[in-house]
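Student: Starting from these lines, generate the structure:
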Amino acid sequence: MQISTSLFGETCLIRRWGRIGTLGQMRIHHFGREEEAVRLFLNLTRQKRARGYRPRTIAQRSLSQEQQHR
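Tutor: Modelled structure (predicted):
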């Protein structure tokens, strides 16, 4: 998940998921205020951690990006 700004100045929460090494799927949520995006980000993070998900390390991200470019 990441929070960014669209070309039109909207705050967006971008969610990506799928098997490691594949493109997977993506969903973009648009918000009028950054606080709303942060609130959803934190709620989703709490839900994922409660189900056992953990953040990837930098090494895991690098390996995943290398696999996607092959």
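Student: How about the secondary structure of Asn43?
Tutor: The local conformation at Asn43, judged by DSSP: H, G, I helix; E, B strand; the rest coil, is helix.
Student: What separation is there between Ser6 and Phe41?
Tutor: Distance of Ser6 to Phe41, computed by C-beta to C-beta, to the nearest Å: 16 Å. In short, each C-beta sits where N, CA and C put it, glycine included.
Student: Quick check on the two: which one has the bigger neighbour count.
Tutor: Between Ser6 and Phe41, counting by other C-beta atoms under 10 Å, Phe41 is the more crowded of the two (16 against 11).
Student: Return the residues in contact with that one.
Tutor: Phe41 makes contacts with Met1, Ile3, Leu13, as judged by C-beta atoms under 8 Å, 6 or more residues apart in numbering.
Student: Strands - which of those land there?
Tutor: Counted as lying in strands by DSSP state E, out of the contacts of Phe41, are Ile3, Leu13.
Student: Can you flag the buried ones in the contacts of Phe41?
Tutor: Among the contacts of Phe41, those buried by neighbour count (16 or more other C-beta atoms under 10 Å) are Met1, Leu13.
Student: From the contacts of Phe41, which one has the minimum pLDDT?
Tutor: Lowest pLDDT of these: Met1, 89.
Student: close enough to count as contact, that residue and Thr45?
Tutor: Yes. Met1 lies in contact with Thr45 (C-beta atoms under 8 Å); the separation is 7.3 Å.
Student: ok, back up a step: just give me the closest of the contacts of Phe41 to Leu23.
Tutor: Closest approach to Leu23 among these (C-beta to C-beta): Met1, at 16.4 Å.
Student: how near is the closest one to Ile14?
Tutor: Taken as C-beta to C-beta, the span from Met1 to Ile14 is 7 Å.
Student: Equivalent analysis for Leu23, please.
Tutor: 14 Å.
Student: and those two? which has more neighbours close in?
Tutor: Remark: of Leu23 and Ile14, Ile14 carries more neighbours, 14 against 9, as counted by other C-beta under 10 Å.
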